[in-house]
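Sequence first, predicted model second:
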Amino acid sequence: MTGPIRLARQTTVAVCQTLLEIEPLIVSLGEDLLVVMRRSAAQPATRLVAVVDDAGHLVGVLPILRLAESVIARVVPESLMADIADVADVARFGHAVEARTVSDVMLEPASIRPSATLGEAFRLMHHRRISGLYVVDDDGRPTGYLDLLELAVAYVDALEGRSPQPDS
């Protein structure tokens, strides 16, 4: 494949990060979900929260939808009870109601290096079914955030001939 689509796929994450300014949202393992929800509401462009340990290493991620569902289950559980259809749903609901901190509901880390390509980033987001990735340094500390919409904009720009050249 040649042309703009290939260019977009080969463009590095580092180049894409310079195009849009979505700031990472970084929280610690023990933070209360209600506090994180309020911080997330103040930063709506970031749809995936980074969870770090005491040394600042990425140890998990928290999609905004999962955060909101956990808070709603905790605050007004009856609003989600109508959707319980089977035993698995009961277990998930019970876990959500009991969740108090980020560590209770986070997912495995989702990260990528700045030198990776946008094609790699898209495949990872698609595979994990998440709307963003954290860009991490060699020590696994978040240095940036790559959003799925950022990725889509980079592809569209490339198709329209406006994409930056990939790193040499």
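Sure, I can see it. Numbers count the residues shown, from 1 in each chain.

Next, please give the residue ranges for the helices of this protein.
Along the chain, the segments classed as helices by DSSP state H run 4-10, 13-17, 33-41, 64-75, 78-81, 87-98, 102-105, 118-128, 148-159.

partner residues bridging the residue most central in space within the chain?
Among the residues of the chain, the one closest to the centroid is residue 48, at 2.9 Å (C-alpha atoms, centre = their mean). Residue 48 has these beta-bridge partners by DSSP bridges: residue 63.

How about the contacts made by it?
In this structure, residue 48 makes contact with 61-64, 110, 130-134, 145, 147, judged by C-beta atoms under 8 Å, 6 or more residues apart in numbering. Where you see a C-beta, it was placed from the backbone N, CA and C, and this is true even at glycine.

Can you list the low-confidence ranges for the protein?
For the chain, the stretches with pLDDT under 70 are 1-9, 18-20, 74-99, 154, 158, 162-168.

switch the cut-off to 90
1-24, 33-34, 44-47, 65-105, 117-119, 122, 147-168 (pLDDT under 90).

what sits against the nearest residue to residue 106 once chain neighbours are set aside?
Distance criterion C-beta to C-beta, 6 or more residues apart in numbering; nearest residue to residue 106, sequence neighbours excluded, is residue 60 at 3.4 Å. By C-beta under 8 Å, 6+ apart, the residues touching residue 60 are 29, 51, 102-103, 106-109.

Counting neighbours, which of the residues you listed end up buried?
Buried members of the contacts of residue 60, scored by 16 or more other C-beta atoms under 10 Å, are 51, 102-103, 106, 109.

What's the local residue count around residue 111?
20 (other C-beta atoms under 10 Å).

rewinding a little: just the closest of the contacts of residue 60 to residue 23, please.
residue 51 (15.9 Å; C-beta to C-beta).

shouldn't the closest one be in contact with residue 101?
No - counting by C-beta atoms under 8 Å, residue 51 stays clear of residue 101, with 9.9 Å between them.

Between the two, which contacts overlap?
Residues touching both residue 51 and residue 101 (C-beta under 8 Å, 6+ apart) are residue 29.
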